[in-house]
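Engineer: sequence first, predicted model second:
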Amino acid sequence: MSIKTGEGPDIRSSRLAQEDYSKNFGDIHPPLASHEAYVEADRCYFCYDAPCTVACPTSIDIPMFIRQISADNVKGAAKTIFEENILGGMCARVCPTETLCEQACVRQEAEGKPVKIGLLQRYATDHLLEEGDKVFERAALTGRKVAVVGAGPAGLACAHRLAMHGHDVTVYDARKKAGGLNEYGIAAYKSVDGFAQREVEFLLSIGGITLDLGKSLGKELSLSDLRQKYDAVFLGMGLAGVNSLRAEGEELDGVVDAVSYISDLRQSTDLSRLPVGRKVVVIGGGMTAVDAAVQSKLLGAEEVTILYRRGKEQMNASDYEQDLAQTKGVTIRHWVKPNRLIGVNGKVSAIECEYTEEKAGSLKGTGETFTLNADMVFKAIGQNFVAAPLNGSAEVVELESGRIRVGEDRRTSLGDVWAGGDCIAGGEDLTVAAVEDGKVAAEAINAFLSR
Amino acid sequence: MADISSNFLGIKSPNPFWLASAPPTDKEYNVVRAFEAGWGGVVWKTLGENPHVVNVNGPRYGAIHGNDRRLLGLNNIELITDRSLEINLEEITRVKKNWPDRALIVSLMVPCEEQNWIDILKRVEDTGCDGIELNFGCPHGMSERGMGAAVGQVPEYVEMVTRWCKTHSDLPVIVKLTPNISDVRQSARAAHRGGADAVSLINTINSIVGVDLDLMAPTPTVDGKGTHGGYCGPAVKPIALNMVAEIARDPETQGLPISGIGGITTWKDAAEFMVLGSGNVQVCTAAMTYGFKIVTELAEGLSNWMDEKGYSSLDDFVGQAVPNVTDWKYLNLNYIAKASIDQDLCIKCGRCHIACEDTSHQAITATVDGVRKFEVIDDECVGCNLCVSVCPVEDCISMVQMTEGTDPRTNKPIDPGYANWTTHPNNPSAVKAAE
Ligand SMILES: Cc1cc2nc3c(=O)[nH]c(=O)nc-3n(C[C@H](O)[C@H](O)[C@H](O)COP(=O)(O)O)c2cc1C
Ligand code: SF4
Ligand code: SF4
């Protein structure tokens, strides 16, 4: 079979006029104006045992906060939200509400138009962050100290709740900024104007939380040291490993890990300096795949294709995200897998794909192949937990399916160590679920420390 | 097509929709625009003696809004016309001459002295207007000066002034009643005794529409102070309907024509006033909210409904609901109804459950066999209609009459006969059947 390769890699920056960058990466959902919020709030029925609240992983009292907006008590609404979910501002932006609260909303069943819970939540939380009012007080100081590893949603939520209970918390993170995926992951158009950092500042304003950044487990820190120095430890370090394609040519230039590309994009102060391919192929079917694809397109890539080895229904990205990708001009091809990456002078120029099918429960190539030209290929086929840094401690933290095993209260196999977020077995890859882990763990730690 | 032309006290108008005495009828300019838009008649903004009154130069209105700023209730502290009597009379004369087919009623308010009424009546008659309306209702400002509601609240004054007007003028006299009394029938009876050709009601209701929590003063606020105003608009309709019905079914005022006023916004509101005994209706707030064009909807809607029901003229339905307004004690206590939820329409909001559970009779489930489901428990349901009132889905819950068998709540067999409180065993003063 003769292989038709591309014209040669075309990866460059400044594909767009300067003003188009700010236009493309502006807020994807403009916030509600106050009258809009008032009218939308009036649509809520204040349901009994509200299905939206049941559907919310952090159990925010949604009808109550909507009622508070309706009653012109926006600060109270924000407090209702933050009491259950201290990252309620980011969750309002990134939660797949269409599969959580808004799917459960009775107005979805009634008329296919749920109350815009996410936008209302954003309205309330934005208001409070702008006003800068202090709504949380710390309980009397206990003198107990807790170490939190990882300043992502799980770690921050845990730290806040512990600080509220009067404990002193030190939060470590390997990166230079706190926020975890809120700061380094997540599409830029969902978190504009440095929102992640503003929310971190708000969260820290309670006091009692010390950030110690640029330190990671297995290097500057060891679990056994932390256990010695602190009364309890919470692990929320997320997933450090990237799944490999296990396809020939993976090492070629232009084959990029989507997670680190998105991180570069989020940290970029001038998007016009971020190189992107003319023809981009993204391999994967989750949120990261969609975020990488859509943002490549917004950076000026001409053709962006997502390749996913199974069908639309099996994609981890929600229907809403898939629609978003398509409206932004991304092509999604299902039942296709990469066979090998083809390079010119060490740089990727094309990708050979094979159609797939499911037979007797297992996925197989059909043998039929085709080749797509590609200047850049993103790997977005998931991440894995790197357990090595946990080692070295005398006792071993038990794993389950490659991640940390925890109980109902998020306690690990070690009596004084809790964990939450993506690094635990059953972690859902959802900001809101990580927040809930942190909250539940903090309550358990508090009970443990108050014995 | 149904005939919606109206003949009220012999005053003809192409439809039964008049604009009530208020800002919409304050000037020739407004009234001509109203007639061009199709209003059947107007009651001119209340005239008073010279020197004319003055209004505040700050805000006169306050309002209650729904979340989308729908105006639900309006409050005002405006007085009677603040233009000279001469200008008003001149304009009235000209408008009536130019619009002979429309009803033009002149509203009046002068001090409670016979001579004052004699003087103004003469001048009003010269305009060629169709009738007069006595404003005994204005609840603010004018009442402080012994007029308006200050008269309307004393039946003897109502009777006396009405009689003066009937004595000194040949014009039909409509007496406009204030709702700021405990029994509106007393005022209507007084007007009737004084010879009134009709009563109109309601005028506005004493109200403080809101308080500015920063200024610590009622709204609307004039230089830091507020005063009570008169409340009107959709919110007052239920109060007005009741007062109309009270008068319509009072044997002492039987047959006394009524011009219905209070919150009328749509044709349906108008029809409700009319079936409760109003020969015609007057509108103010709806016009002030949406402009004169709404009369098109009023007229079309009423006429369509009449066609559907086979009514060919207004007389066919005016007063039709009056016989069905009764006292509580005559309601049939043997009538048993139970709520019934249409599970296909139910969206599972749970409002019916929590309303019944927290504040009524614990007669609606929240779960059935562990699954979220809202079902009526007939054993507990007293048929109160609260769930129907709070359910957000129209027609999802209905009250179904039980016609046979046993009421599972009381374990008593359904009695097909009629029995009311007057004969109920629990009534200490029940009429005992002869042994
Ligand atoms: C179903 C119902 C029954 C009521 N029964 C009484 C009563 O027996 N005695 C009383 O003083 N007020 C009674 N009220 C009036 C209320 O106490 C209250 O004054 C009125 O509802 C106005 O308040 P709200 O509109 O803010 O609820 C009743 C109200 C309702 C709705
Ligand atoms: S389900 Fe919808 S209507 Fe019901 S409380 Fe939640 S947001 Fe409101
Ligand atoms: S109030 Fe109506 S829609 Fe809501 S649960 Fe009850 S019956 Fe269903």
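Structural biologist: Received, thanks. Ligands and ions are numbered 1, 2, ... in the order given.
Engineer: how many residues are close by the closest residue to residue B:110 other than its chain neighbours?
Structural biologist: Spatially, and ignoring its direct neighbours in sequence, residue B:110 is nearest to residue B:116 (4.3 Å; C-beta to C-beta, 6 or more residues apart in numbering or on different chains). In this view, the C-beta of every residue, glycine as well, is placed from N, C-alpha and C. By the criterion of other C-beta atoms under 10 Å in any protein chain shown, residue B:116 has 16 neighbours.
Engineer: cool, the one 5 residues further on as well?
Structural biologist: The tally of other residues near residue B:121 (other C-beta under 10 Å) stands at 22.
Engineer: what's the answer for residue A:326, then?
Structural biologist: 14.
Engineer: how about it, secondary structure?
Structural biologist: Secondary structure assignment for residue A:326 (DSSP: H, G, I helix; E, B strand; the rest coil): helix.
Engineer: what's the answer for residue B:196, then?
Structural biologist: coil.
Engineer: show the pLDDT at it.
Structural biologist: In the predicted model, residue B:196 carries a pLDDT score of 98.
Engineer: can you report how many residues lie near the closest residue to it other than its chain neighbours?
Structural biologist: Distance criterion C-beta to C-beta, 6+ apart; nearest residue to residue B:196, sequence neighbours excluded, is residue B:175 at 4.4 Å. Residue B:175 has 31 neighbours, counted by other C-beta under 10 Å.
Engineer: same question for residue B:31.
Structural biologist: 26.
Engineer: can you confirm the residue nearest to residue B:196 is in a strand?
Structural biologist: Yes - remark: residue B:175 belongs to a strand, assigned using three-state DSSP.
Engineer: which residues touch residue 203?
Structural biologist: Let's take chain A. By C-beta atoms under 8 Å, 6 or more residues apart in numbering or on different chains, the contact set of residue A:203 is A:86-87, A:156, A:159-160, A:209.
Engineer: let me rephrase: I mean chain B.
Structural biologist: B:135-139, B:149, B:152, B:176-179, B:230, B:261.
Engineer: could you redo the last one with a cut-off of 6 Å?
Structural biologist: Contact analysis of residue B:203 by C-beta atoms under 6 Å, 6 or more residues apart in numbering or on different chains lists B:137, B:176, B:178.
Engineer: sec struct for it, please.
Structural biologist: Per three-state DSSP, residue B:203 ends up coil.
Engineer: name the nearest residue to it, ignoring sequence neighbours.
Structural biologist: Nearest to residue B:203 is residue B:137, by C-beta to C-beta, 6+ apart, at 2.5 Å.
Engineer: how many neighbours does residue A:131 have?
Structural biologist: Around residue A:131 there are 12 residues (other C-beta under 10 Å).
Engineer: measure the closest residue to it other than its chain neighbours to chain B for me?
Structural biologist: Residue nearest to residue A:131 in three dimensions, not counting chain neighbours: residue A:75, with 7.0 Å by C-beta to C-beta, 6+ apart. According to C-beta to the nearest C-beta, to the nearest Å, residue A:75 and chain B sit 15 Å apart.
Engineer: what parts of the stretch 151-300 of chain A come near chain B?
Structural biologist: Residues of the stretch 151-300 of chain A found near chain B (C-beta under 6 Å from any C-beta of the partner chain): none.
Engineer: what segments of the stretch 151-300 of chain A are strands?
Structural biologist: A:168-173, A:209-213, A:232-235, A:241-242, A:255-257, A:276-277, A:279-283 (DSSP state E, counting those that start in this stretch).
Engineer: ditto for the stretch 51-200 of chain B
Structural biologist: Going by DSSP E, counting those that start in this stretch, the stretch 51-200 of chain B shows strands at B:61-65, B:71-76, B:103-108, B:131-135, B:173-176, B:198-201.
Engineer: contacts for the helix or strand bottoming out on mean pLDDT in chain B, please.
Structural biologist: Scoring the helices and strands of chain B by mean pLDDT, DSSP states H and E places helix B:149-152 at the bottom, with a mean of 87. Residues from elsewhere that reach helix B:149-152, judged by C-beta under 6 Å, 6+ apart: B:136-137, B:139, B:143, B:157, B:178, B:180.
Engineer: reformat the strands of the stretch 151-300 of chain A as JSON lines; add distance to residue A:41.
Structural biologist: JSON lines is the format used below for these (distance: least, C-beta to C-beta, whole Å):
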{"stretch": "strand A:168-173", "distance to residue A:41": "35"}
{"stretch": "strand A:209-213", "distance to residue A:41": "33"}
{"stretch": "strand A:232-235", "distance to residue A:41": "36"}
{"stretch": "strand A:241-242", "distance to residue A:41": "42"}
{"stretch": "strand A:255-257", "distance to residue A:41": "42"}
{"stretch": "strand A:276-277", "distance to residue A:41": "41"}
{"stretch": "strand A:279-283", "distance to residue A:41": "38"}
